[in-house]
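In: Predicted model and sequence follow; I will ask about them next.
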Protein chains: 4
Amino acid sequence: MEYNAKQLQIIQVAERLFAGKGFSGTSIRDIAHEADINVSMISYYFGSKEKLIEALFEVRFVESAERMENIVSNEDLSPLQKIYILIDGVIDRLLGNQCFHNIMLREQLSGEERTQVISDLIYQLKLKNWEGINSILREGQIKGHFREGIDVSLLSATLYGTVNHVLTTQSFYRKINNLESLGQEEFDKTLKKQLSKHLKSIFKATVAYETIE
Amino acid sequence: MEYNAKQLQIIQVAERLFAGKGFSGTSIRDIAHEADINVSMISYYFGSKEKLIEALFEVRFVESAERMENIVSNEDLSPLQKIYILIDGVIDRLLGNQCFHNIMLREQLSGEERTQVISDLIYQLKLKNWEGINSILREGQIKGHFREGIDVSLLSATLYGTVNHVLTTQSFYRKINNLESLGQEEFDKTLKKQLSKHLKSIFKATVAYETIE
Amino acid sequence: MEYNAKQLQIIQVAERLFAGKGFSGTSIRDIAHEADINVSMISYYFGSKEKLIEALFEVRFVESAERMENIVSNEDLSPLQKIYILIDGVIDRLLGNQCFHNIMLREQLSGEERTQVISDLIYQLKLKNWEGINSILREGQIKGHFREGIDVSLLSATLYGTVNHVLTTQSFYRKINNLESLGQEEFDKTLKKQLSKHLKSIFKATVAYETIE
Amino acid sequence: MEYNAKQLQIIQVAERLFAGKGFSGTSIRDIAHEADINVSMISYYFGSKEKLIEALFEVRFVESAERMENIVSNEDLSPLQKIYILIDGVIDRLLGNQCFHNIMLREQLSGEERTQVISDLIYQLKLKNWEGINSILREGQIKGHFREGIDVSLLSATLYGTVNHVLTTQSFYRKINNLESLGQEEFDKTLKKQLSKHLKSIFKATVAYETIE
DNA sequence: CATGAATGAGGGTTCATTCAT
DNA sequence: CATGAATGAACCCTCATTCAT
């Protein structure tokens, strides 16, 4: 599915508003007003409000579909290096697309199953992510670098859950760590660095034998 | 603030529906229908839909306000034992009140700051939780059991984030781990056990010196 | 119909609120709140909101029913003196019960004919007033003091209309005449004096032969 | 502000209903039903019920803004002739737009100050009317036709108050003067004639020296 | 191909009144 | 005799969508 410039602009505005106020809490009038278009354009271009959020998911998924693949298939890296790159990749992706991941979190919290399309896309992404981590861990186990008996699901949960939680509670994090004076960009940089170190440390301790460096 | 039986019933229904469809996505007619009351009762009992969700937060917060206190102040436990009890407490609390924590996650994702009341309550709860973990860690450091330089915020994020993420992606977790045949109760039990083991392992590796058992 | 102290208190509050916001614009909750009673008391004491305004009219009418009679039947006064006393009486009555006359004006403007009871009371009052003026004028004509061919209805309209209009546009009157610094009481006194002089002058010029003093 | 045909139709219906039942007493459903439109059209066209009445005031004010000007600035007329034309103009205007003036009277009786817009418009109209009368009277005084020491406010009150009062109590007027058999049009004609004569007589006696014809 | 006028359904809230106590 | 809990109707307004142009 290809979208023209106007459609992409609408999607972008919708993404910001859905992130801030939720799907139900955002009216097409809000979107139309912010995007400076007529309200009927949303139905015209996308068919309905629901189709709009589907389009949003499609666009963002296509963008991020290729990343995991590149990491796993790179043969020059050790399993632990791959894990490290994976962690940084997740951090970058989630913090770099905060609006979209906010929406995705909301959708996962929703029992409404807005549409099968979105559910399927989220499922596919999760599966791909899980398989990526899994294949790296298996490779590490085969190479004798990693322990046996690692719970991939829970380790994934720790990776994504920690980043999401920090993303969600940014303002609290700033307050508690006296980082309120920092600009958004600088704060993001600091956050990424600390998150990266923290998660790498957890992963290493969890998967790698002590002797591995 | 005290609520009578009918009010508590409404709150309970609202909690379930807000968790499933979000605040904006749930109409007071939905709530009234499910609770088998007249639509005007919500305004009558709570003043407005917004006041209803505030009441919900107040009730749930009062319930869970005392838990952390009991753990921290118990003098018979070692710091690591306290951490372990804390972890199990968090798991129990979040998985035992899935609807409410779903709503709380939604509210944290929301940029709307529905009301100052809710924001304040969430902030207070987070602060209390943070202080609880912090004081246990400090105690462990003073006693020489725990490492220095622990990032309390990120460790909290890992604890809450991991549990929340699992809570949010339960169905995926079941599917990927072939646990779809289990009943909800049995699954919850399994999940709690595995989460507990996983998080305790992470915390131990992160905070404790290797020699500590 | 007799009303107890509580009922009279309710009537008094209702009068003030009806005057300020109109009958439809005033809710029984407003009244109950201001009168510091339960909402159900209005239905309980009066039967309904409509019956309440009827009661208000009854009470105020009984109060003012006797005045005109006294003026007309006083044999010691000349017709013109009677007219003068009548004018001052109308001014005093309308300005002394501004709330009630506000409500009465509203009811007369209304095409709803809220109830036959109110319509009848207003009709009776108007008729009594008209007859009072008429009989004084007739007396003056018989005595040769007053001209023939006086339009009693229009003269009444000028009397009541002028006072009502001033009553209605008090704030404009204050502004245009630079009386904004005066207290309400002092302003009322000034207003009454000027209205009295103005209307007496009009009446004299309209009804009396020039030579009459 | 320009209004299209449909908006003007809605305004016209609203005017009639507001006059009959008051603003609070008229629901947008009433208006929609009478105007044969969907209820949502009122919000759609005017924004809200309050904005609708504002629009009504704007339209009617624009219509009557020019009249006074024409009278005052006409140099071929004597001051007394101008007064006479003014009186007939007021009578025509008030009796010709009974619905609107009913609403305006209601608004002036209201302590709610529905919106600043309406209050301002009414104030401007009153001021313009006052200034018109004032300038004619001053002209008459300068030319030596009129007395000194005329209270413009009270004279205005008598003019507008008398006409309004007759307008308000038409049915009583008919009854008392045995004019119940007349059709509305014929009655209006009779009323205008009598009102005109009555008010001109009052004004002449009040402002002009006896010798002036 | 794009628009904005128009719609019916449903949103949250307030209403006057009733009824069991 | 007096109360407050509870009700269903109606309130104004916003919603996503449609349709003629």
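Out: Here it is on my side, so go on. Residues are numbered from 1 along each chain as shown, chains lettered A, B, ... in the order given.
In: what packs against the worst-scoring helix or strand of chain A on mean pLDDT?
Out: Ranking every helix and strand in chain A by mean pLDDT, DSSP states H and E puts helix A:67-73 at the bottom, with a mean of 73. The helices and strands touching helix A:67-73, judged by 3 or more CB pairs under 8 Å, 6 or more residues apart in numbering or on different chains; DSSP states H and E, are helix A:79-96, helix A:116-142. The way it works is simple: take the backbone N, C-alpha and C, and place the C-beta from them, glycine included.
In: The longest one vs DNA strand F: in contact?
Out: Going back to what we said before, that points to helix A:116-142. No. Helix A:116-142 stays clear of DNA strand F (CB under 7 Å from any atom of the strand), getting no nearer than 14.3 Å.
In: Now do that helix and helix A:79-96, the angle between them.
Out: Orientation of helix A:116-142 against helix A:79-96 (axes from the mean of the first three to the mean of the last three CA atoms, to 10 degrees) gives an angle of 150 degrees.
In: domains for chain A, by residue range?
Out: Split into domains by automatic domain parsing, chain A comes to A:5-59, A:65-207.
In: Mean pLDDT lowest where, among those?
Out: With a mean of 92, domain A:65-207 has the lowest mean pLDDT of these.
In: Which parts of chain A are strands?
Out: Per DSSP state E, chain A carries no strands over any range.
In: what residue is smack in the middle of it?
Out: Ranked by distance to the mean C-alpha position of chain A (CA atoms, centre = their mean), the top residue is A:Leu94 at 3.9 Å.
In: how about the CA coordinates for the least confident helix or strand of chain A, as PDB?
Out: In PDB, the C-alpha atoms belonging to helix A:67-73 read as follows (Å, rounded to 0.1, in the frame of the first residue of the first chain):
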ATOM      1  CA  ARG A  67      16.200  -3.900  11.200                       C
ATOM      2  CA  MET A  68      16.200  -7.100  13.200                       C
ATOM      3  CA  GLU A  69      17.100  -9.100  10.100                       C
ATOM      4  CA  ASN A  70      20.300  -7.200   9.600                       C
ATOM      5  CA  ILE A  71      21.600  -7.800  13.100                       C
ATOM      6  CA  VAL A  72      20.900 -11.500  13.300                       C
ATOM      7  CA  SER A  73      22.400 -12.300   9.900                       C
END
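In: Just checking the distance from it to the centre of its chain.
Out: Distance of helix A:67-73 from its chain centroid, counting by CA atoms, centre = their mean, to the nearest Å, is 16 Å.
In: ok, residues contacting it?
Out: The contact list for helix A:67-73, computed with CB atoms under 8 Å, 6 or more residues apart in numbering or on different chains, reads A:77, A:82, A:85-86, A:89, A:93, A:128-129, A:132, A:135-136.
In: got it, and stretch A:89-101?
Out: Contacts of stretch A:89-101 (CB under 8 Å, 6+ apart): A:15-16, A:18-19, A:56, A:60, A:64, A:67-68, A:71, A:159-160, A:163-164, A:167, A:188, A:191-192, A:195-196, A:199.
In: Stretch A:183-201 too?
Out: If you take CB under 8 Å, 6+ apart as the criterion, stretch A:183-201 is touched by A:83-84, A:87-88, A:91-92, A:95, A:158-159, A:162-163, A:166, A:170, A:173-174, A:179, A:182, B:151, B:154-155, B:158, B:206.
In: at 6 Å instead, please
Out: For stretch A:183-201, contacts defined as CB atoms under 6 Å, 6 or more residues apart in numbering or on different chains pick out A:84, A:87-88, A:91, A:179, B:151, B:154.
In: May I see the buried residues of it?
Out: A:187, A:191-192, A:194-196, A:198-199 (16 or more other CB atoms under 10 Å in any protein chain shown).
In: Take those and lay them out in JSON lines including distance to DNA strand E.
Out: Listed next are the buried residues of stretch A:183-201 as JSON lines, based on distance: CB to the nearest atom of the strand, whole Å:
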{"residue": "A:Phe187", "distance to DNA strand E": "36"}
{"residue": "A:Leu191", "distance to DNA strand E": "36"}
{"residue": "A:Lys192", "distance to DNA strand E": "39"}
{"residue": "A:Gln194", "distance to DNA strand E": "41"}
{"residue": "A:Leu195", "distance to DNA strand E": "38"}
{"residue": "A:Ser196", "distance to DNA strand E": "42"}
{"residue": "A:His198", "distance to DNA strand E": "41"}
{"residue": "A:Leu199", "distance to DNA strand E": "40"}
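In: Output the residues you listed as TSV; include the columns distance to C:His101.
Out: Formatted as TSV, the buried residues of stretch A:183-201 follow (distance: CB to CB, whole Å):
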residue	distance to C:His101
A:Phe187	67
A:Leu191	70
A:Lys192	74
A:Gln194	75
A:Leu195	74
A:Ser196	79
A:His198	77
A:Leu199	79
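In: Residue numbers of chain A in contact with chain B?
Out: A:20-22, A:24-25, A:102, A:105-106, A:108-109, A:111-112, A:126, A:153-154, A:157-158, A:160-162, A:164-166, A:168, A:172-173, A:176-177, A:198, A:202, A:205 (CB under 6 Å from any CB of the partner chain).
In: okay, the helices and strands packed on helix A:67-73, which one's buried deepest?
Out: Stretch with highest mean neighbour count among the helices and strands packed on helix A:67-73: helix A:79-96 (a mean of 19; mean count of other CB atoms under 10 Å in any protein chain shown).
In: what's the spacing between that helix and its chain's center?
Out: 11 Å.
In: How about exporting it as CSV, limited to the C-alpha atoms?
Out: Taking C-alpha atoms only, helix A:79-96 is exported to CSV below (Å, rounded to 0.1, in the frame of the first residue of the first chain):
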residue,chain,number,x,y,z
PRO,A,79,26.6,-13.4,20.0
LEU,A,80,27.1,-11.1,22.9
GLN,A,81,28.0,-8.3,20.5
LYS,A,82,24.8,-9.0,18.6
ILE,A,83,22.8,-8.8,21.9
TYR,A,84,24.4,-5.5,22.6
ILE,A,85,23.6,-4.1,19.2
LEU,A,86,20.1,-5.5,19.5
ILE,A,87,19.6,-3.7,22.9
ASP,A,88,20.8,-0.4,21.5
GLY,A,89,18.6,-1.0,18.4
VAL,A,90,15.5,-1.5,20.6
ILE,A,91,16.3,1.6,22.7
ASP,A,92,16.9,3.7,19.6
ARG,A,93,13.7,2.5,18.0
LEU,A,94,11.4,2.9,21.0
LEU,A,95,12.8,6.3,22.0
GLY,A,96,13.1,7.5,18.5
